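> A predicted structure for the sequence below; I have some questions about it.
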Amino acid sequence: MALNEKTMKALEELGYYKPTEVQQKVIPLILQGENLIVRSQTGTGKTAAFGIGLIELLDVEREKKALVLAPTRELAVQISEELKGIAKEHHHKIAVVYGGQKIDVQIRALRKGVDILIATPGRLVDHSERGTVNLSEYSIVVLDEADEMLDMGFKDEMDRIMGQVPEKRTVLLFSATLDELILELASHYIKGPAETIEIGEKERAKQIKEDFVQVSRRKKFANLKRILGQGQYKKVLIFMSTKRGVDYLHERLKESSYRAEAIHGDMSQGRRERVMSSFKSGKTHILVASDVAARGIHVEDIELIVNYDEAQDADTHLHRVGRTGRMGKEGKAVTFIESREEEDKDRNRDDHPDFAWMKGGGERKMPPRGERRRAGASDRDRRRRPRAHEKKGRRNYGPAKKKRRR
């Protein structure tokens, strides 16, 4: 590829020795100034692909600036970290802006000058409206995980951003899928011809072994503990469909003495960064995550993926599973399939706690005749109607005073 010696030295320090397929195909075309539409699964090395290409290109064409759009703050931060590592021996100024961080800190960084700006769409529009960033200076635009930005409802923000960058521009669009919406988006944003590259199969990578476990909801946690006990996993990522579910499972794992953390959209940015740092360093072995937060999780050595809740669609499932088996390594995934039939079968067993009152023959055990009236009376006492001043929502002023007769 005839890369700069500075870049080669940085790549060697990062442990990159052999280019992946997406890097082999994409980097030369970026250096030629081509527009690109790339379908590539997560874990194929696409961040380094466009990162190396941008850094090499800006070395030659110093007057140009590059803008990278990412759907989530986690992904924006990780792209920034990787690009800074690649550009270590160069003198490019790299900045990242995203929601959840104090805007004053970002404004100070932007005022120092930026060669490569990584941003989430919402926060970038905010900076543009404040006048702290001039989008007309950025003639190279990377749309990373474009399909996810559409799914998250950033179409309006993306339109506003692309309407302010120069008409004469280079666009590099990366997506896990190439459906009609993505191709239509590309046709609006890309001026002139574009090279389309598809990397790998549209199914999960062959090196990822996936198991499907049919289980009732109440047995999920027991099955999860059994799976975790089968291997000495150093990094496990568990997907839940809701934020509330993430918190609930996180607490249950902690109660069972697992070194677990949780991440979802309602957490502060500082806490999310601390959680990710702990997971990357190995202090935390298990990370429970929602789908949106997990879009920014690019950790190379995740050994096991558990879909505790099923994904909403096939693309989301593929993206989840792709968090393991990255860069050609082997990976494992387990998906729980909730079975109503299994739930009903489980509830019909004699010792189920919901039916503890049932004894042989299915007859309810009743109290002795003499005790029934007393039991019923106490039930009636508990069910008595509250007085007016006791009703919920009213202040208790005590018993009403009797009116004096005139």
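Noted; the coordinates are in hand.
> and residue 156, that one's in a helix?
Yes: counting by DSSP: H, G, I helix; E, B strand; the rest coil, residue 156 is located in a helix.
> and it, how many neighbours?
Using other Cβ atoms under 10 Å, residue 156 is surrounded by 11 other residues. Placement of C-beta: from N, CA and C, glycine included.
> And for residue 271?
13.
> Quick check: buried residues in the host helix or strand of residue 147?
Under the criterion of DSSP states H and E, residue 147 resides in helix 146-151. Applying a neighbour-count criterion of 16 or more other Cβ atoms under 10 Å, one finds 146-151 buried in helix 146-151.
> For that helix, list the C-alpha coordinates in PDB.
Extracted in PDB, the C-alpha atoms of helix 146-151 (Å, rounded to 0.1, in the frame of the first residue of the first chain):
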ATOM      1  CA  ALA A 146     -25.200   4.900   8.300                       C
ATOM      2  CA  ASP A 147     -28.000   2.300   8.800                       C
ATOM      3  CA  GLU A 148     -28.000   2.800  12.500                       C
ATOM      4  CA  MET A 149     -28.100   6.600  12.200                       C
ATOM      5  CA  LEU A 150     -31.200   6.200  10.100                       C
ATOM      6  CA  ASP A 151     -32.700   3.700  12.600                       C
END
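> packing partners for it?
Applying 3 or more Cβ pairs under 8 Å, 6 or more residues apart in numbering; DSSP states H and E, one finds that helix 146-151 contacts strand 170-175, helix 180-189.
> at 10 Å what do you get?
Helix 146-151 is packed against strand 35-39, helix 155-162, strand 170-175, helix 180-189, helix 291-294, helix 314-321, with contacts defined by 3 or more Cβ pairs under 10 Å, 6 or more residues apart in numbering; DSSP states H and E.
> Out of these, which gets the lowest mean score?
Sorting the helices and strands packed on helix 146-151 by mean pLDDT places helix 291-294 lowest, at a mean of 66.
> Moving along the chain from it, name the first helix or strand you hit.
Toward the C-terminus from helix 291-294 - assigned by DSSP H and E - lies strand 304-307.
> Output that next one as CSV, restricted to C-alpha atoms.
In CSV, the C-alpha atoms belonging to strand 304-307 read as follows (Å, rounded to 0.1, in the frame of the first residue of the first chain):
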residue,chain,number,x,y,z
LEU,A,304,-19.2,-14.7,24.6
ILE,A,305,-22.4,-12.9,23.5
VAL,A,306,-25.7,-13.7,25.3
ASN,A,307,-28.9,-12.5,23.8
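> Let me see the ranges of the strands in this protein.
35-39, 66-69, 94-97, 116-119, 140-143, 170-175, 194-198, 208-215, 236-239, 260-263, 286-289, 304-307, 331-338 (DSSP state E).
> among these, which is nearest residue 15?
strand 331-338 (18.4 Å; Cβ to Cβ).
> which parts of the closest one are buried?
Buried, per 16+ other Cβ under 10 Å, within strand 331-338: 331-336.
> For residue 309, state which of those residues is nearest.
Using Cβ to Cβ, those come closest to residue 309 at residue 336, 7.5 Å.
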